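Undergrad: Pasted the sequence and its predicted model underneath.
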Amino acid sequence: MLNLTPEHEMFRQSVRRFVEREINPHIEKWEAEKCYPGRELFPKLGELGALGPSYPEEYGGGGGDYAFNYVLAEELGQSGALGVPMGIMVHTDMATPALAQFGSEELKRKFLAPAIEGKLISAIAVSEPDAGSDVASLTTNAVSDGDHYIINGSKMWITNGTQADFVVTLMRTTPGHTAKGMSLVVVPTDSEGFKVSRTIDKMGNHSSDTAALTYENVRVPKSFCIGEEGRGFQLQMQQFQKERLVGTALALGGMDRCMQMTVDYTKERKTFGKPIIENQYVHFRLAELRTEIELLRQMAHHCTNQIIAGKDCTREVSMAKLKAGRLCREVADSCIQFHGGMGYAEEYPMARYYRDARLLSIGAGADEVMLTILARMEGYI
């Protein structure tokens, strides 16, 4: 069980109010525009202390434990669309963890501190047109030129890609075709030769901007490398654990919202003279789904405790992420069914949730990648 203090609960309430006041009233507009306004939203999140709750206070962070990040993700999951919280959590738990843990003092002052304040927006660039789940096969490369790298390549499926001020990019700094010789490098988006080649229209998460990026002889200082050169693959694998955990927490928040909307609807809507929820199958199914959600929440709490304790939770977080991706689809499907025609209508948020939830089994490592990790760790292969 996650040991949440009164400070954690106060933070939860402040994030909940933020979602209700600053996000949900604008969801329809941002979904239609296919992008949320990060320049407006992030400074407000920075004032709230939500962009670095567990980062050191010397860089503007909250100095708390990782349970604050978990709480943040779960509450953001209550948003009316999952695209907005995904963009925020990319900034807090996917693009900046390695920077905060392994970045130089220069990098932390130049990029991390203003990111925590909300003055800079970040993105993480790993996937490529021909390298998604198979991270070891990426081809974006950096050639040494004195004190600089010259970077060439392309990246795909980049959340915050059209708005980011800097992109933490995984690239090859040593030629090869394996996981060795990769580095994580901070690339400012105003660098000459960097461009957003196109935006990607997706099935769901419409309010989150997703882009394809191109690097054409982009020149950045070698000092922008995070940690030791050639250790980028290992740093990214560590970073993935937090990415997969907050993805699970977002899913839990979304499922809570979806379930509550369904309970409210089935109590009010009557068929054959009685509320829908009084049908045994309906309330049995809702009870069954609630049980699955709470079991997943306990696993997520365990993973959070492991991170706080500084322990490796690759096994457990892979299980949690696998289960979250499948369970949120199951919840979405049942809740739409119980809404009937209203669940299928675009004017009601159930259809949006159904589309948004589908991404979790693909992004941050597909279900098949989670299964491969687990099979190896269990000694099956």
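TA: Received the coordinates, thanks.

Undergrad: send the alpha carbons of stretch 351-358 over as CSV?
TA: These are the backbone C-alpha positions of stretch 351-358, laid out as CSV (Å, rounded to 0.1, in the frame of the first residue of the first chain):
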residue,chain,number,x,y,z
ALA,A,351,-16.4,7.2,-27.4
ARG,A,352,-13.4,9.5,-26.8
TYR,A,353,-12.3,7.5,-23.8
TYR,A,354,-12.5,4.2,-25.8
ARG,A,355,-10.2,5.7,-28.5
ASP,A,356,-7.8,7.3,-26.1
ALA,A,357,-7.4,4.2,-23.9
ARG,A,358,-6.3,2.1,-26.8
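
Undergrad: by contact count, what packs against the helix or strand encompassing residue 87?
TA: Following DSSP states H and E, one finds residue 87 within helix 83-93. On a contact count with 3 or more C-beta pairs under 8 Å, 6 or more residues apart in numbering; DSSP states H and E, helix 83-93 meets helix 27-33, helix 38-48, helix 67-76, strand 122-125, strand 148-159, helix 232-268. Backbone N, C-alpha and C define where each C-beta goes, glycine included.

Undergrad: Restrict the shortest one to CA atoms and write it as CSV.
TA: Meaning strand 122-125. What follows is strand 122-125, C-alpha atoms only, in CSV (Å, rounded to 0.1, in the frame of the first residue of the first chain):
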residue,chain,number,x,y,z
SER,A,122,10.2,19.1,-23.3
ALA,A,123,9.7,16.0,-25.4
ILE,A,124,11.4,12.6,-25.6
ALA,A,125,12.5,11.2,-29.0
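
Undergrad: low pLDDT regions in the protein?
TA: 132 (pLDDT under 70).

Undergrad: let's see it at 90
TA: 1, 130-137, 175-180, 346-348 (pLDDT under 90).

Undergrad: ranges for the strands of it?
TA: 122-125, 141-145, 148-159, 166-172, 182-188, 194-199, 210-221, 225-226, 270-271, 274-275 (DSSP state E).

Undergrad: and of those, who's closest to residue 90?
TA: strand 148-159 (4.6 Å; C-beta to C-beta).

Undergrad: Let me know how buried residue 177 is, in neighbour terms.
TA: For residue 177, the tally of surrounding residues (other C-beta atoms under 10 Å) stands at 11.

Undergrad: Surely it is in contact with residue 134?
TA: No - using C-beta atoms under 8 Å, residue 177 is not in contact with residue 134; the gap is 11.0 Å.

Undergrad: Tell me which residues touch residue 195, please.
TA: Contacts for residue 195 were tallied using C-beta atoms under 8 Å, 6 or more residues apart in numbering; they are 213, 214, 216.

Undergrad: And it, how close does it get to residue 19?
TA: According to C-beta to C-beta, to the nearest Å, residue 195 and residue 19 sit 33 Å apart.

Undergrad: same question, residue 101
TA: 28 Å.

Undergrad: Looking only at neighbour counts, state which of the two leads.
TA: Higher neighbour count among residue 101 and residue 19: residue 19, with 20 against 13, using other C-beta under 10 Å.

Undergrad: is it true that that one touches residue 73?
TA: No - the pair residue 19 and residue 73 does not pass the contact test of C-beta under 8 Å, sitting 11.7 Å apart.

Undergrad: Next, count neighbours for residue 228.
TA: 11.

Undergrad: Give me the phi and psi for it.
TA: Main-chain dihedrals, residue 228, degrees, to the nearest 10: phi -80, psi 130.

Undergrad: Then residue 161?
TA: Note on residue 161: backbone dihedrals following degrees, to the nearest 10 are phi -60, psi -30.

Undergrad: Could you find the closest non-adjacent residue to it?
TA: residue 211 (2.7 Å; C-beta to C-beta, 6 or more residues apart in numbering).

Undergrad: what's the spacing between that neighbour and residue 157?
TA: Following C-beta to C-beta, the distance that separates residue 211 from residue 157 is 8 Å.

Undergrad: Comparing these two, which shows the higher neighbour count?
TA: residue 211 (24 against 20).

Undergrad: List the contacts of that one.
TA: Here residue 211 is in contact with 158, 161, 162, 196, 197, 198, 199, 200 (C-beta under 8 Å, 6+ apart).
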